[in-house]
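Visitor: here's a sequence, model it:
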Amino acid sequence: MPTTYIAGDFNRARSGAGRFAGIAWLVATCLTAAPATAQQLGCDDGLKTAFRAEATTVVAVRAIRKGEELLAQDSPKPIIAAADLCLVKLLVGPGTTAEKDKNAKSWSEGIGIEVWLPSPANWNERIRNYGGGGWVGGGHRTEGKIGSKVPALVNANMGYASGTTDAGQPWYQDGSFTFLSDGSINVEGFRDFSVRAMVEQAVKTKALVSLYYGKPPAFSYYDGHSQGGRQGMKIAQEYPELYDGYMIAQPTMSTPMHSTVALYPQLVMKTELGFTALDRPKAAAFAARVDAANKRALAACDKAGLGFLLDPFACDYDPARDAAALCSGEAGQGVTGRNEDAATCMTLKEALALDRIWYGATPDGSYDAAQSTDSRGGKRLGAKQLWWTFTKTTAISGQITGASADGVALALRDIRYAADASGSTAANIPFSHVAISERNKWRELDYAGLADALGRNVALQSTLFSNFITDRTDLGKLRDLGRKVIVYSGLVDDAIPPAGNVYYHERVAAAMGGHGEVQKFMRMYLLPGSAHSSQGRAYTVTGNNDSVPLPKLPGNANQTPTREQDQFFTALTDWVENGTAPGEIMVTSRDNRLSYPACVYPLRTTWNGGPTPRPGSYGCK
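Guide: A predicted model of the protein is given here:
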C-alpha cells in the first residue's frame with residue numbers, strides 16, 4: 001500500500017482577515033508537508049485513496065494513451081497526446097456557502113482542478129501550471145470532460161506536469177456566478193476567483209506531483225494569459241514562494257478600471273450621436289466608419305510602411321482634422337471634408353465621438369486633443385482621464401456594436417445594469433439570474449454616473465472583491481526570494497488596453513527603485529501588432545496579419561514545440577535555472593518576411609530608417 005500524501009487546507013480560517021490568514025496557513029503547511037513516497041503510483045483509482053487532503057475529493061483518474069485526441073474547451077481542433085498521460089481531477093471545498101439555491105449559478109461545491117501528468121519516463125521534473133481566461137469555469141470537476149485550455153495540454157505534451165483550475169465555478173466563461181440568488185455580490189465566489197483557487201492549484205498540484213512521481217519537482221512555473229496572467233501576477237504579488245518563475249501574458253491587470261470604463265463608448269454614442277448598440281443598424285454603420293478611420297490612422301502614422309504600427313502610442317491621428325475622413329463639405333477642425341463615400345466618411349460629430357473614445361473615459365466627456373505619447377502610453381493619465389482605452393489601429397468595432405457592462409453591474413452591485421443578449425458584445429455571455437430578469441439599465445448612466453461607478457468599484461475591492469484589482473506594487477518578497485517574472489502585452493490588444501499594464505509596470509518601478517532594479521526580477525515586453533490571444537494572434541487593419549512578427553508559443557498549431565518554438569517561456573526557464581537574464585528576443589512574422597527584436601521595457605522596437613525587410617533596420621531604443 002503506497003504512503004498517503006496528506007496536504008493542508010485553506011479552510012482552517014474563513015471569515016474576515018482569517019480568510020487570507022487561511023491561505024497563508026495552507027501555503028506554509030503544504031510546502032512543508034511530509035515527503036512523498038519513493039514508490040511510483042499507477043494512473044488508476046489507487047490515486048483516489050493514496051492522495052488525501054482536507055476538503056478535497058479526487059473526482060476521477062483517467063489514463064490517456066499516446067496518439068489519443070483531446071478536445072479542450074477553447075478549440076474545436078483536438079490536441080494529440082504526444083505520449084502517455086494521466087489526468088487527475090480534483091474538487092476542493094467548500095464552495096459558496098452563502099448560496100442556498102442549487103439552481104443558481106452562484107452555487108458551487110468548491111474549486112475544480114485538473115492535473116495533467118506525463119508518464120514518468122516523459123516527465124521533465126517540472127511543473128508548468130496554466131491559468132484560465134475570462135470568467136474561467138469549465139469541466140474541471142466533471143468526470144468525462146476536459147476543462148483545461150489548449151496550452152495546458154500542450155505543456156503536458158512537452159513533458160511538464162500541468163495543473164489548471166476553474167477558479168471556483170463550473171460555468172465556462174459565464175460571470176453569472178458573481179451575483180447570489182438574493183441579488184447581492186458573491187463575496188465567497190470572488191475570494192475563490194481572485195486568489196484562493198490559484199493557491200489551491202499550486203499546492204495541490206505540487207502535492208499530487210510529488211506523490212505520483214515519488215519525488216518533488218525540481219522547478220515549478222506558472223504560465224498564464226489574460227485572466228490567467230492576472231491570476232499569476234496575483235500569486236507573484238502575494239504568494240511568490242509558490243513558484244520559481246512566472247510567465248505573465250497580456251494580463252488583465254486593474255480589471256475594475258478597464259472593465260468598468262469599457263462601457264464608455266456606448267455613453268459617448270448615446271450622448272453625442274443619439275444611439276447605442278441597441279440600435280444595431282446605426283451602431284454597425286458607425287463601426288464601419290471607425291474601421292475606416294483606423295485605416296487612415298495607420299496611413300498617417302506608419303512611417304516604416306509595415307502595415308502596422310511599431311508604436312501606436314505615438315500616433316496622434318485625429319479624424320476631425322482629416323479632410324479625407326470627413327464627409328464631403330463637412331466643416332471639420334481647420335479642414336473641409338472631401339470624402340464622398342457615405343459608408344466610410346464621418347460627420348464632425350462622429351469624428352469627435354471617436355476622438356473621445358480613443359482618449360478614454362472622463363467624468364464629463366471631455367478629451368485632450370494634444371495628449372502626449374507618454375500619456376497615451378500609460379506613463380501617466382491625461383487630463384480628467386479615468387483610465388486608458390485601446391490604441392489607434394486596434395479593432396474596436398465590438399465596443400461599438402456591443403455594450404460591455406459587466407464591470408458596471410458589479411460596481412453598482414445591481415445585475416440590472418448588465419447587458420442582455422441584444423446589447424452585449426458578441427464575445428460575452430450575458431449574466432443570467434434565477435430571480436432578476438431586468439437588464440440594460442446601463443442606458444440610464446451618463447459620463448458622471450460611469451465615473452461614480454468606477455470609484456465605487458475601486459472602493460469595494462478589499463471588502464467585496466478580494467482585491468481582484470491585483471495592483472500591488474511592493475514586490476520585495478518576490479525579489480528577495482529570487483523569483484523571476486516575464487510579462488508581455490500586445491500593442492493592439494483588443495481585450496485589455498496595454499497602457500494599463502505599462503502603468504502598473506511604471507508604478508512598480510517607482511516603488512522598487514527604478515527600472516534597473518525591477519529588471520533584476522521582472523522584465524516586460526511590448527509587442528507591436530499583437531492582438532489578444534493565448535496562442536499568438538496578429539491584427540492589421542489591412543488584413544495582412546501574417547506580416548506581423550510574433551513570438552512562437554505553444555498551441556493548436558504548435559502541439560509539441562521545441563525550446564526555440566516556446567520563446568518567452570524558454571527565456572524564463574533560462575533565467576530561473578541558469579541565471580541568464582533575458583534581453584532582446586528576435587520575433588519573426590508567419591510569412592517569414594520580417595524579423596526584429598522584442599525589447600525589454602522601457603526600450604521599444606524601433607525602425608532606424610533602413611530597408612524594412614532587413615532585421616538590421618530595427619533596434620531597441
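Visitor: neighbours of the nearest residue to Ala571 once chain neighbours are set aside, how many?
Guide: Sequence neighbours aside, Pro582 is the residue nearest to Ala571 in space, at 3.9 Å (criterion: CB to CB, 6 or more residues apart in numbering). The way it works is simple: take the backbone N, C-alpha and C, and place the C-beta from them, glycine included. For Pro582, the count of nearby residues is 19 (other CB atoms under 10 Å).
Visitor: burial check on Glu241, number of neighbours?
Guide: 14.
Visitor: that one and Leu481 touch, don't they?
Guide: Yes. With contact defined as CB atoms under 8 Å, Glu241 reaches Leu481; the gap is 6.0 Å.
Visitor: how close does the residue nearest to Ala571 sit to Trp442?
Guide: To Trp442, Pro582 is 43 Å away according to CB to CB, to the nearest Å.
Visitor: that older thread, correct me, but the residue nearest to Ala571 touches Tyr601?
Guide: No. Using CB under 8 Å, Pro582 is not in contact with Tyr601; the gap is 11.8 Å.
Visitor: mutual contacts of those two, please.
Guide: Residues touching both Pro582 and Tyr601 (CB atoms under 8 Å, 6 or more residues apart in numbering) are Arg523.
Visitor: what strand or helix carries Val508?
Guide: Using DSSP states H and E, Val508 falls within helix 498-512.
Visitor: over to Gly137?
Guide: Per DSSP H and E, there is no helix or strand for Gly137.
Visitor: from memory it sits against Ser176, does it?
Guide: No. Using CB under 8 Å, Gly137 makes no contact with Ser176, being 9.8 Å away.
Visitor: which of these two has more neighbours?
Guide: Gly137 (26 against 22).
Visitor: any idea of the pLDDT on the more buried one?
Guide: For Gly137, the pLDDT comes out at 97.
Visitor: for Ile396, same thing?
Guide: Taking Ile396 on its own, its pLDDT is 97.
Visitor: name the nearest residue to it, sequence neighbours excluded.
Guide: Nearest to Ile396 is Phe390, by CB to CB, 6+ apart, at 5.4 Å.
Visitor: what do you get for Ala538?
Guide: Val548 (3.6 Å).
Visitor: shaky segments in this protein?
Guide: For the chain, applying pLDDT under 70 flags the ranges 1-39.
Visitor: who are the contact partners of the spatially most central residue of it?
Guide: Computing the C-alpha centroid of the chain and ranking residues by CA atoms, centre = their mean puts Ser226 first, at 1.1 Å. Residues near Ser226 by CB under 8 Å, 6+ apart: 131, 133-134, 249-252, 495-496, 532, 534.
Visitor: who wins for most neighbours among the residues you listed?
Guide: Gly131 (33 neighbours).
Visitor: what distance do you get for the residue nearest to it when sequence neighbours are not counted to Gly189?
Guide: Once flanking residues are discounted, Gly131 sits nearest to Gly228: 2.1 Å by CB to CB, 6+ apart. Separation of Gly228 from Gly189 (CB to CB): 18 Å.
Visitor: can you show me the strands along the stretch 351-500 of the chain?
Guide: For the stretch 351-500 of the chain, the strands defined by DSSP state E, counting those that start in this stretch occupy 484-490.
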